[in-house]
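Undergrad: here is a sequence with its predicted model. Questions after.
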Amino acid sequence: MPTCYFICPDYDSPSGGIRVIYRFVDILNSAGISAAVVHRDRRFRCTWFENETTIRGAKDVRFEGGDLLIIPEWYRRLIPLLAIGVPHLILNQNAYETFSGVLYEEGKDAGVMSADTVGIVSISEDNLRYLKLCFPDKRIDSIRLSIDTDLFQPRAKRKVIALMPRKRLNELNQILHLLAQRNSLEGGWELLPIIHVSEREVAERLGHAAIFLALNAREGIAVPGLEALASGCVVVGFHGGSGEEYMTPDVAVPIADGEIASLVLALETEMERWVKKDQAQLEMTHRGVELVNAKYTRERERADVIRVFGEALARVAQVSHRSLSINTKLLPSTYAQLQRAMSKNA
């Protein structure tokens, strides 16, 4: 049976992109379409979320007719070199990283795709627009991701502002200093960083948080904001482009990108409204929960995944492979290894 092989970094810290790869493989296998996550080390498996996903070591993969390789945009200029002659899709979960480290002087054929690229898969409306503008001659599909609303849901709320400090640290530092200088956190408000914890713990913290401070950057899609909406949080902050599809004024408090003073003032307003049990604010959070429950569903994601990868398999069914294996010598598993590999292949 033709198989979809998803290359994935050997990285065992919380990463939304890796979680998506595992979930796509699970969906395909449950639908009777053979799929596997491919790690450099056959013994590796992500442990920060529960899974029984099919794993293959890169050295164990032997391509047969009709197989399809799926490569994250993370690998950039290594994409054309990992399995020359094997048709592949690029799973682009962050269009703004497509040309990271690729100098303009290298020209339009700098090597972020090749003749073996049979399509690109996007995960947000914002990224889809970017990729279609950049690659008008390539087939580009989009999959709407889902949020596990059995896991991410409102719980007993507390005077807590949840935040994820791995993004936009400079802006976050300024925001926190401003709050401290203005004594805005007096009255029992707690700042709750969410970092290096399991998926279940993220859901637990968001479920109890009154407010989520969104510091979205230019990325694929700002999933933490969606998880916060599903958890009944008042979501305040920057949408970062990709979050614009869900951070609308009826369900959240979007702030113009980089407007730190405006964000602090909006945050203080929402804190005051929460203490007063403002009915309009409560209705806003209810609409946020309903939005996620209606639009970012498991059923929609499953249908998209089966359609996109099923159609891709059909397109390559008669393609003869020129490689039988993955070039594991080129396959980095960490970001530092990727940077070194890219500099060698520049």
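TA: That came through fine.

Undergrad: CA only for contacts and neighbour counts going forward, please
TA: Will do.

Undergrad: can you show me the strands along the stretch 1-150 of the chain?
TA: Remark: strands assigned in the stretch 1-150 of the chain by DSSP state E, counting those that start in this stretch are 3-7, 34-39, 55-57, 68-72, 88-91, 117-122, 140-142.

Undergrad: okay if I get the ones you listed as CSV plus mean neighbour count and distance to residue 228?
TA: Below are the strands of the stretch 1-150 of the chain laid out as CSV (neighbours: other C-alpha atoms under 10 Å; distance: least, C-alpha to C-alpha, whole Å):
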stretch, mean neighbour count, distance to residue 228
strand 3-7, 24, 28
strand 34-39, 24, 28
strand 55-57, 20, 30
strand 68-72, 25, 26
strand 88-91, 25, 25
strand 117-122, 22, 22
strand 140-142, 19, 23
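
Undergrad: any chance of those strands in CSV, plus mean pLDDT?
TA: Converted to CSV, the strands of the stretch 1-150 of the chain look like this (pLDDT from 0 to 100):
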stretch, mean pLDDT
strand 3-7, 98
strand 34-39, 98
strand 55-57, 97
strand 68-72, 97
strand 88-91, 97
strand 117-122, 96
strand 140-142, 97
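
Undergrad: any chance of JSON lines for those strands, columns distance to residue 318?
TA: Formatted as JSON lines, these follow (distance: least, C-alpha to C-alpha, whole Å):
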{"stretch": "strand 3-7", "distance to residue 318": "14"}
{"stretch": "strand 34-39", "distance to residue 318": "17"}
{"stretch": "strand 55-57", "distance to residue 318": "24"}
{"stretch": "strand 68-72", "distance to residue 318": "11"}
{"stretch": "strand 88-91", "distance to residue 318": "14"}
{"stretch": "strand 117-122", "distance to residue 318": "13"}
{"stretch": "strand 140-142", "distance to residue 318": "21"}
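
Undergrad: how far away is residue 36 from residue 69?
TA: 10 Å (C-alpha to C-alpha, to the nearest Å).

Undergrad: who touches the nearest residue to residue 157 once chain neighbours are set aside in this structure?
TA: Nearest non-adjacent residue to residue 157, counting by C-alpha to C-alpha, 6 or more residues apart in numbering: residue 208, 4.4 Å away. Residue 208 is in contact with 154-158, 160, counting by C-alpha atoms under 8 Å, 6 or more residues apart in numbering.

Undergrad: kindly recompute the last result at 10 Å.
TA: Each residue near residue 208 by C-alpha atoms under 10 Å, 6 or more residues apart in numbering is listed here: 153-162, 231-233.

Undergrad: still on that earlier bit, what touches both of residue 36 and residue 69?
TA: Joint contacts of residue 36 and residue 69 (C-alpha under 10 Å, 6+ apart) are 3-7.

Undergrad: now the two most distant members of these.
TA: 3 and 7 (12.5 Å; C-alpha to C-alpha).

Undergrad: what is in contact with the two at once?
TA: Counting by C-alpha under 10 Å, 6+ apart, the residues touching both residue 3 and residue 7 are 36, 69.

Undergrad: flag the shaky bits of the stretch 1-150 of the chain, pLDDT-wise.
TA: 107-110 (pLDDT under 70).

Undergrad: measure how far stretch 172-182 is from the centre of its chain, please.
TA: 28 Å (C-alpha atoms, centre = their mean, to the nearest Å).

Undergrad: put the alpha carbons of it into PDB.
TA: Output of stretch 172-182 as PDB, limited to C-alpha atoms (Å, rounded to 0.1, in the frame of the first residue of the first chain):
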ATOM      1  CA  LEU A 172       6.600  41.000  26.800                       C
ATOM      2  CA  ASN A 173       9.300  42.600  29.000                       C
ATOM      3  CA  GLN A 174       8.000  46.100  28.200                       C
ATOM      4  CA  ILE A 175       4.400  45.100  28.900                       C
ATOM      5  CA  LEU A 176       5.300  43.600  32.300                       C
ATOM      6  CA  HIS A 177       7.400  46.600  33.300                       C
ATOM      7  CA  LEU A 178       4.500  48.900  32.400                       C
ATOM      8  CA  LEU A 179       2.100  46.800  34.400                       C
ATOM      9  CA  ALA A 180       4.400  46.900  37.400                       C
ATOM     10  CA  GLN A 181       5.100  50.600  37.200                       C
ATOM     11  CA  ARG A 182       1.300  51.300  37.100                       C
END
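
Undergrad: in it, what's buried?
TA: Within stretch 172-182, the residues that qualify as buried are 172, 175, 178-179, counting by 16 or more other C-alpha atoms under 10 Å.

Undergrad: for the stretch 151-300 of the chain, which segments count as strands?
TA: Counting by DSSP E, counting those that start in this stretch, the strands of the stretch 151-300 of the chain are 158-163, 190-193, 209-215, 234-238, 253-255.

Undergrad: closest to residue 91 out of the ones you listed?
TA: So among these, strand 209-215 is nearest, using C-alpha to C-alpha, at 24.1 Å.

Undergrad: quick one: strands adjacent to that closest one?
TA: Strand 209-215 has the following strand partners under DSSP bridges: strand 158-163 (parallel), strand 234-238 (parallel).

Undergrad: so which of those strands is nearest residue 186?
TA: strand 158-163 (10.8 Å).

Undergrad: what's next to that closest one, contact-wise?
TA: Outside strand 158-163, the residues touching it (C-alpha under 10 Å, 6+ apart) are 172, 185, 187-195, 202, 205-215, 224, 228, 233-235, 267, 271, 274-275.

Undergrad: can you tell me how far the closest residue to residue 219 other than its chain neighbours sits from residue 218?
TA: Leaving out its chain neighbours, the residue that sits closest to residue 219 by C-alpha to C-alpha, 6+ apart is residue 94, at 4.9 Å. Counting by C-alpha to C-alpha, the separation of residue 94 from residue 218 is 8 Å.
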